[in-house]
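Visitor: Give me a 3D structure for the following:
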Amino acid sequence: MEITDVKIRKTFEDQPLRAVMSITLDNSVAIHDVKVIYASDKYFVVMPSKKTQSGEYKDIVHPINSDFRKKLEDTLISEYLEETSRRAAQEAASGVI
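Guide: Reported below is the predicted structural model:
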């Protein structure tokens, strides 16, 4: 299974939630509301979830094996970091700090 598209829907600064993203797998399946979180000095990915009647959150969709989870996390975090670098460079070039 290949990640064929990544879209950053929204970014945030100064809070643990850094981005909400959508991904496409094999040009066939879209998964929305995947989150990039920064906490305890590291980035990680949180899959879309729903709240159960007992108040727990359960993933709606998630990787089944560790290899694909790593690939997914690496791809999404890299895409987020590249986007923030692009934005910083654009702001520096336009004189906005």
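Visitor: element containing Q90?
Guide: helix 66-94 (DSSP states H and E).
Visitor: now that helix, how far from the chain's geometric center?
Guide: Chain-centre distance of helix 66-94: 9 Å, with Cα atoms, centre = their mean, to the nearest Å.
Visitor: check contacts around the nearest residue to T84 once chain neighbours are set aside.
Guide: Nearest residue to T84, sequence neighbours excluded (Cβ to Cβ, 6 or more residues apart in numbering): T11, at 7.2 Å. For every residue, glycine as well, the C-beta is placed using N, CA and C. T11 makes contact with 18-19, 80, 83-84, according to Cβ atoms under 8 Å, 6 or more residues apart in numbering.
Visitor: average pLDDT across the strand with the most length in the chain?
Guide: When the chain is parsed with DSSP state E, its longest strand is strand 29-39. The average pLDDT within strand 29-39 is 96.
Visitor: start the count at 2, not 1, going forward
Guide: Sounds good: first residue 2 from here, last item strand 30-40.
Visitor: which other helices and strands contact that strand?
Guide: Helices and strands touching strand 30-40, by 3 or more Cβ pairs under 8 Å, 6 or more residues apart in numbering; DSSP states H and E, are strand 18-26, strand 43-47, helix 67-95.
Visitor: Give me the number of neighbouring residues for L77.
Guide: Neighbour count for L77, taken as other Cβ atoms under 10 Å: 22.
Visitor: how far away is it from F69?
Guide: Per Cβ to Cβ, to the nearest Å, L77 is found 12 Å from F69.
Visitor: Same check on R10?
Guide: Counting by Cβ to Cβ - R10 and F69 are separated by 22 Å.
Visitor: Tell me which of the two has more neighbours.
Guide: A side-by-side neighbour count of R10 and F69, using other Cβ under 10 Å, places F69 first with 14 against 11.
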